[in-house]
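Colleague: one predicted model, sequence on top.
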There are 2 protein chains.
Amino acid sequence: MAGVSEATVSRVFSEQDAVKEHTKQKVLAAAKSLNYYPNVMAKNFAKRKSGNIGVILPYLPKVKLFSVYYFSEILNGIGEAIEKEGYDMLLLFQRVGQPYDYKKYFLSHKIDAAIILGAKDSPEERDSLRELRDADFPFCLVNQHFDGEQFCEIDAEHVAGSYAAVTHLIEQGCQNIAFLNGPLAYSNSLDRLKGYQKALQDHGLSGQEQAVFYGQYSLTSGYKVADDLLSGQLYDGIAVANDRMAIGLMQRMKELGIKPGADIAVVGYDDSDASAMCDPALSSVHVPFFEMGKRSVQRLVNQLAAPHMKLFQEKLETRLLIRESSQRNQVK
Amino acid sequence: MAGVSEATVSRVFSEQDAVKEHTKQKVLAAAKSLNYYPNVMAKNFAKRKSGNIGVILPYLPKVKLFSVYYFSEILNGIGEAIEKEGYDMLLLFQRVGQPYDYKKYFLSHKIDAAIILGAKDSPEERDSLRELRDADFPFCLVNQHFDGEQFCEIDAEHVAGSYAAVTHLIEQGCQNIAFLNGPLAYSNSLDRLKGYQKALQDHGLSGQEQAVFYGQYSLTSGYKVADDLLSGQLYDGIAVANDRMAIGLMQRMKELGIKPGADIAVVGYDDSDASAMCDPALSSVHVPFFEMGKRSVQRLVNQLAAPHMKLFQEKLETRLLIRESSQRNQVK
DNA sequence: ATGAAAGCGCTAACAG
DNA sequence: CTGTTAGCGCTTTCAT
């Protein structure tokens, strides 16, 4: 390899070079025999691109985010797409409580684009996101929507999803339907609340709109709110904003001798694995989290390739999944 | 900031510089006001360190790894520790079927150390890992053990765990216990098989060692193997190598009118969320996945700091978790 | 201690 | 089209 600089070697790998195939093969072979691997740090540094897509996750010590169905499904989708696109997936933890500074990841050149998961709606968050957008840093929010802002987003139709769930209860004959929601700081929760209210209204049941309870989207919170929810007025149907809370609620119901499904109908949200494993199996609203994760990567990669046409906002379909116990295993 | 080169600015950030506090503050303030962020690519390149710890996951299109309880818990632990240690977490997907080439990540300078999850025992895998070890690249296998090799590993006591599970069944009065295992390519499975056999032997039940069935660690595989498992000889207890298979199995049992827990005792493995959500709640072997993930990062970080004392092999404790329905929610 | 300069391994721009 | 060269923004080394 005398006279051939390493720099020359790496150039050979790039596709736009229309070198003679013969030469190319020779160099490639030489590279392999010399155990030469291009230094990607040097490459990225010279190109001023990190080659990473950052996935920004809220981080609370002790909260096991990867174990949350909705996160893990989105991550599955992101991982699949990133792998295919040839980028690397850098996980970044945004400590909850710490001041938001998304732009630091871009300015320090850690990432070329960001996918932001689990964003809450707050003035600081909005400021931080506006900063990104104004600086033209490619980013995408998944399963979140900021009303009135022009951010790139891949969301799902949560108003419709919730509407379908409540309508399902009504069609089963429920007349007095409670809604167990998650924190309203998530646009999801707000959307689902709207769906609930609209469904009641459209079916002439709006007299009881105040039957809204709140948990933290955790199993425990569903369990805990159960006593409150089941104590006063008797509901004949409960729509729950996610499956984990629904399962916690059902556990408490069973302890109290109330049969979920028979005595009080329950419908969940997310179509998580758990909704098929619990007993009775939980009808639930399916959200295409996997697809949403994939889609976000594709959009960002497009945007990196063609920095025009910057804004994209997409709302993917949800659909109610009615789960009879006999269907359980066809679901997978 | 006239006269002060950018290089100087970034030097001020490093800790070993015993600059006067006053000056330091001034430069920091100047840096902030100028919106200066050090370019980590340049830094890493100059230091010949990527700042990344790679997490290598097996990857099969369509298989949603993040949704597997055991992976997600380990990832939670890894994430927590990496965040604390100031490294970045780079997710790398090892396509199943593709030739193993772990060293490329090191040689291309993508990562400083690697955590390898879900490794199967095969000659190619062993070769690939030996290559890493011989080249002194820091890596750590989590929840996996290669017998006869000197690799860095954080494993759990799966023989003991399985032994405890089977013993639990025996203590409940079971006399004829089947074992539903996962693929033997995972050291876990082999360990659990040993625990099962040993427990039978120690309790004078070794006449039926052949009652071993195999699934793929998935819910569906547990469901499918059920007919086979329940058709011939009648077992009064079934130990299952993970919760998902156990839940699938129980679903099928219920469909067949067999009451899990009452007619045939079932015990699971992993202590996953699902084991507390299913009905009846599943007694299961708890494995400290989260801690194992954390530990692997700490070990690697130590090793990066002090490249001597390279080998570490740790086996964390497992423990049987007997879940009465009343305990369900105290578990969390 | 402080400042200047070399160099990390590539890419990109530019000559030949 | 091929080969040379100047950076990329830091760290490290070396004079001062």
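Modeller: Good, I have the coordinates. Predicted model, so just to flag it, every value in this text is computed and none were measured.
Colleague: what values do phi and psi take at A:Asn181?
Modeller: Note on A:Asn181: its backbone torsions stand at phi -110, psi 170 [degrees, to the nearest 10].
Colleague: tally of neighbours for it?
Modeller: Residues lying near A:Asn181 (other C-beta atoms under 10 Å in any protein chain shown) number 24. Every residue, glycine included, has its C-beta placed from N, CA and C.
Colleague: ignoring the adjacent residues along the chain, who's closest to it?
Modeller: A:Ala241 (4.6 Å; C-beta to C-beta, 6 or more residues apart in numbering or on different chains).
Colleague: these two touch, right, the one you found and A:Leu184?
Modeller: No - with contact defined as C-beta atoms under 8 Å, A:Ala241 does not count as touching A:Leu184 (10.4 Å).
Colleague: re earlier: residues touching the residue nearest to A:Asn181, list them.
Modeller: A:162, A:179-182, A:188-189, A:192, A:215, A:217, A:269 (C-beta atoms under 8 Å, 6 or more residues apart in numbering or on different chains).
Colleague: secondary structure, distance to A:Tyr105 and pLDDT added to those residues, as JSON lines?
Modeller: Converted to JSON lines, these look like this (DSSP: H, G, I helix; E, B strand; the rest coil; distance: C-beta to C-beta, whole Å; pLDDT from 0 to 100):
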{"residue": "A:Ser162", "secondary structure": "helix", "distance to A:Tyr105": "34", "pLDDT": "98"}
{"residue": "A:Phe179", "secondary structure": "strand", "distance to A:Tyr105": "37", "pLDDT": "97"}
{"residue": "A:Leu180", "secondary structure": "strand", "distance to A:Tyr105": "36", "pLDDT": "98"}
{"residue": "A:Asn181", "secondary structure": "strand", "distance to A:Tyr105": "32", "pLDDT": "98"}
{"residue": "A:Gly182", "secondary structure": "coil", "distance to A:Tyr105": "27", "pLDDT": "98"}
{"residue": "A:Asn188", "secondary structure": "helix", "distance to A:Tyr105": "25", "pLDDT": "96"}
{"residue": "A:Ser189", "secondary structure": "helix", "distance to A:Tyr105": "27", "pLDDT": "98"}
{"residue": "A:Arg192", "secondary structure": "helix", "distance to A:Tyr105": "31", "pLDDT": "98"}
{"residue": "A:Gly215", "secondary structure": "coil", "distance to A:Tyr105": "32", "pLDDT": "98"}
{"residue": "A:Tyr217", "secondary structure": "coil", "distance to A:Tyr105": "26", "pLDDT": "96"}
{"residue": "A:Tyr269", "secondary structure": "strand", "distance to A:Tyr105": "32", "pLDDT": "98"}
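Colleague: closest one of those residues to DNA strand D?
Modeller: Ranked by distance to DNA strand D (C-beta to the nearest atom of the strand), the contacts of A:Ala241 are led by A:Asn188 at 38.8 Å.
Colleague: so the closest one is in contact with A:Val142, correct?
Modeller: No - A:Asn188 is beyond contact range of A:Val142, at 11.2 Å (criterion: C-beta under 8 Å).
Colleague: buried set for stretch A:227-239?
Modeller: When burial is assessed from 16 or more other C-beta atoms under 10 Å in any protein chain shown, stretch A:227-239 yields the following buried residues: A:229-230, A:235, A:237-239.
Colleague: please disregard the earlier target; I meant stretch A:172-191.
Modeller: In terms of neighbour count (16+ other C-beta under 10 Å), stretch A:172-191 has its buried residues at A:174, A:176-183, A:186-191.
Colleague: farthest pair in those residues?
Modeller: Across those, no pair lies farther apart than A:Asn176 and A:Ser187, at 27.6 Å, counting by C-beta to C-beta.
Colleague: need the pLDDT of A:Tyr102.
Modeller: A:Tyr102 is assigned 96 on the pLDDT scale.
Colleague: what about it, neighbour count?
Modeller: So A:Tyr102, with other C-beta under 10 Å, has 23 neighbours.
Colleague: in chain A, which spans are strands?
Modeller: Counting by DSSP state E, chain A has strands at residues A:52-59, A:88-95, A:113-117, A:139-142, A:153-156, A:177-181, A:212-214, A:237-240, A:265-270, A:283-286, A:313-316, A:319-321.
Colleague: check contacts around the closest residue to A:Tyr100 other than its chain neighbours.
Modeller: For A:Tyr100, ignoring the flanking residues on the chain, the nearest one in space by C-beta to C-beta, 6+ apart is A:Ser128 at 3.7 Å. A:Ser128 makes contact with A:100-103, according to C-beta under 8 Å, 6+ apart.
Colleague: out of these, flag the one nearest to A:Ile264.
Modeller: A:Tyr100 (41.0 Å).
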